[in-house]
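*Asks:* Here you go, sequence then predicted model.
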Amino acid sequence: MLKQFSDLGISEPLQQSLIGLNFSEPTLIQKKAIPLILNQKEDLVVLAKTGSGKTAAFGLPLIQLVDQENTSIQALILAPTRELGQQIYNNLESFATDSPNISIASLCGGTPIKPQIERLKTPTQIIVATPGRLVDLVKREAINLKSINYFVLDEADEMISGLKEEVDTIIKELPKSRRTLLFTATMPGYIKQLVQNYMSKHVIHIEADMETVGHQGIDHQYVVVEPIEKLEVLLHFLSSKEGQRGIIFCKTKAAVNKLAKNLAINKFSSGAIHGSLTQGIRDRIMGQFREGHIDILVATDLAARGIDVKEVAYVVNYHLPDTYDAYVHRSGRTARAGAKGLSLTILQQEEVVDIADFENELGITFKTFIKADAQSIEENNALIWAKKIFKTKPNRVVPEDFKAKIKTIFHHLTKEELVDKILANYLAQNTTATPNPEATKKHKKKKQ
């Protein structure tokens, strides 16, 4: 069973767990990384895109390498966000189902620290942590990192860009004899500097599926809008993707909140996550998105890290990201596990010149997304209006005698006549487009 994982050196208990998880064939990064982690002693730098199976690439060999008889902390996995940290922890727990002597702890922020302090008083061999929470635990002397043999930095590019001070503090607490495994989707200058400063001279570099982000089944497109029409163009796009799952990225928390409010007003199935929300709220919204109870997630870059959700059909950059790396991470939320996906960027005219830079730097090609014309947008607005009416809950406090008077006005109309009149009223108040020329022509003929 699972001969290919067996060929990589994965032990029988771990193979049994993988059978229960319906793992059948290792991904390319797993094929490359697992034998090196199991059989070599050198530090390792792994360049691999999001969704390539990195957690199993380091998680499986780590579980196999820790000494089950030794109850001290032997492996530390550092992740930039609570969501990613919790996801890694859950995956490792699943991998260790048939390895009952392995003890794993999650030390992520956003949850009470006291239970984590108590947890650390019991035997623990592997910890998954976020930098801020781990630094806090170190300062409280609740954890000793001097016995660490394996140190994993996952999503290192995102972590070092925003949490460098905390990561530096943690690395100084680790023994120099440790082995460091660094996983990253991009290789900016500050990651190269970290490798030079904190990893051995004989570090091994491997990469997988990194030809360009353009070869990952992602269709990169952009649309140019005037500021006043930006929301309407987005709503039209979202209406065309009804029933499909997607993520919309904004630059700031305020922008996330504003857009999420507009989507809610227009009755789109959506939720929002950013760093200022409590962990409970973020977990609830992520759970709703993962389970398909909401279709659209509005997020900031950092809050969306660690979102490993299959069947994300599209990503929308409501604001152009500041860096090429951010674009790689955003677009990488779609087209996961071999699927196809769309990455749509909404631009203003002065931003169009930046597209060539993104193409040259990332080796991708953007196509022009054809913006809906005024009539299509107005028709879409009418459909959104109709859905809002359909989803509106009846007002139970309206007096019955008043309701009866309203019903009397409409009682002689058929359903079709009522819909025609309501729609005509809506169009009279909201339509600004030029009337249909064919309809105008017919009307003139009748007059003659």
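*Replies:* That came through fine.

*Asks:* What segments of the protein are strands?
*Replies:* Counting by DSSP state E, the chain has strands at residues 44-48, 75-78, 104-107, 126-129, 150-153, 179-184, 204-208, 218-224, 245-249, 270-273, 296-299, 312-317, 341-347, 367-368.

*Asks:* Where among those is average confidence lowest?
*Replies:* The stretch with the lowest mean pLDDT among the strands of the chain is strand 204-208, at a mean of 88.

*Asks:* Please name the residues that touch D43.
*Replies:* Contacts for D43 (CB atoms under 8 Å, 6 or more residues apart in numbering) come out as 179-182, 199-200, 202-204. For glycine as for every other residue, the C-beta is placed from the backbone atoms N, C-alpha and C.

*Asks:* The same query, at a cut-off of 6 Å, please.
*Replies:* Neighbouring residues of D43 by CB atoms under 6 Å, 6 or more residues apart in numbering: 180, 199-200, 203.

*Asks:* So what's the residue count around I10?
*Replies:* Neighbour count for I10, taken as other CB atoms under 10 Å: 26.

*Asks:* What's the per-residue pLDDT of it here?
*Replies:* Listed pLDDT for I10 reads 94.

*Asks:* so which of the contacts of D43 comes closest to D420?
*Replies:* Of all these, D420 sits closest to T180, with 69.8 Å by CB to CB.

*Asks:* Could you report the neighbour count for the closest one?
*Replies:* Neighbours of T180 under the rule other CB under 10 Å: 21.

*Asks:* What's opposite it in the beta bridge?
*Replies:* On the basis of DSSP bridges, T180 is bridged to F151.

*Asks:* Isn't it up against N149?
*Replies:* No. Counting by CB atoms under 6 Å, T180 stays clear of N149, with 10.6 Å between them.

*Asks:* all helices in the stretch 301-448 of the chain, in order from the N-terminus.
*Replies:* 324-331, 353-362, 374-391, 400-410, 415-430, 437-447 (DSSP state H, counting those that start in this stretch).

*Asks:* ditto for the stretch 151-300 of the chain
*Replies:* Remark: helices assigned in the stretch 151-300 of the chain by DSSP H, counting those that start in this stretch are 156-173, 189-198, 230-240, 253-265, 279-290.

*Asks:* Can you tell me which of those helices is nearest to S52?
*Replies:* Closest to S52 of the helices of the stretch 151-300 of the chain, according to CB to CB: helix 156-173, at 14.4 Å.

*Asks:* number of nearby residues for the closest residue to I355 other than its chain neighbours?
*Replies:* Of all residues not flanking I355 in the chain, F366 sits nearest, at 5.3 Å (CB to CB, 6 or more residues apart in numbering). For F366, the count of nearby residues is 20 (other CB under 10 Å).

*Asks:* Let's see if you can find the most crowded of the contacts of D43.
*Replies:* Using other CB under 10 Å as the neighbour test, the contacts of D43 are led by T180, with 21 neighbours.

*Asks:* what's the spacing between that residue and S147?
*Replies:* According to CB to CB, to the nearest Å, T180 stands 15 Å off from S147.

*Asks:* where does the protein have low pLDDT?
*Replies:* Scanning the chain for pLDDT under 70 picks out 1-3, 50-51, 209-216, 303-308, 337-338, 431-448.

*Asks:* And it, what are its domain boundaries?
*Replies:* Residue ranges for the domains of the chain, per automatic domain parsing: 3-208, 213-374, 393-447.

*Asks:* so what's L134 up against?
*Replies:* By CB under 6 Å, 6+ apart, L134 lies in contact with 107, 170.

*Asks:* Mind doing that once more with 8 Å?
*Replies:* By CB under 8 Å, 6+ apart, the contact set of L134 is 76, 78, 107, 143, 166, 170.

*Asks:* which of those sit farthest apart?
*Replies:* Pairwise distances across the contacts of L134 peak at 14.2 Å for I143 and E166 (criterion: CB to CB).

*Asks:* who wins for proximity to F5 among the strands of the chain?
*Replies:* Closest approach to F5 among the strands of the chain is made by strand 204-208 (16.4 Å; CB to CB).

*Asks:* If we go by neighbour counts, what in the closest one is buried?
*Replies:* Neighbour-count burial for strand 204-208, counted by 16 or more other CB atoms under 10 Å, picks out 207-208.

*Asks:* now that strand and strand 44-48, what's the angle there?
*Replies:* If you take axes from the mean of the first three to the mean of the last three CA atoms, to 10 degrees, strand 204-208 sits at 20 degrees to strand 44-48.

*Asks:* ok, residues contacting strand 204-208?
*Replies:* With contacts defined as CB under 8 Å, 6+ apart, strand 204-208 is touched by 27-29, 32-33, 36, 40, 42-48, 52.

*Asks:* quick one: strands adjacent to it?
*Replies:* Sheet partners assigned to strand 204-208 using DSSP bridges are listed as strand 44-48 (parallel).

*Asks:* how far out from the middle of the chain is the partner strand?
*Replies:* Computed by CA atoms, centre = their mean, to the nearest Å, the chain-centroid distance of strand 44-48 equals 21 Å.

*Asks:* likewise stretch 139-159?
*Replies:* With CA atoms, centre = their mean as the basis, stretch 139-159 stands 24 Å off its chain's centre.

*Asks:* End to end on it, go ahead and measure it.
*Replies:* Its start and end residues considered, stretch 139-159 measures 20 Å (CA to CA, to the nearest Å).

*Asks:* One more: stretch 260-272?
*Replies:* Length of stretch 260-272, first residue to last, CA to CA: 6 Å.
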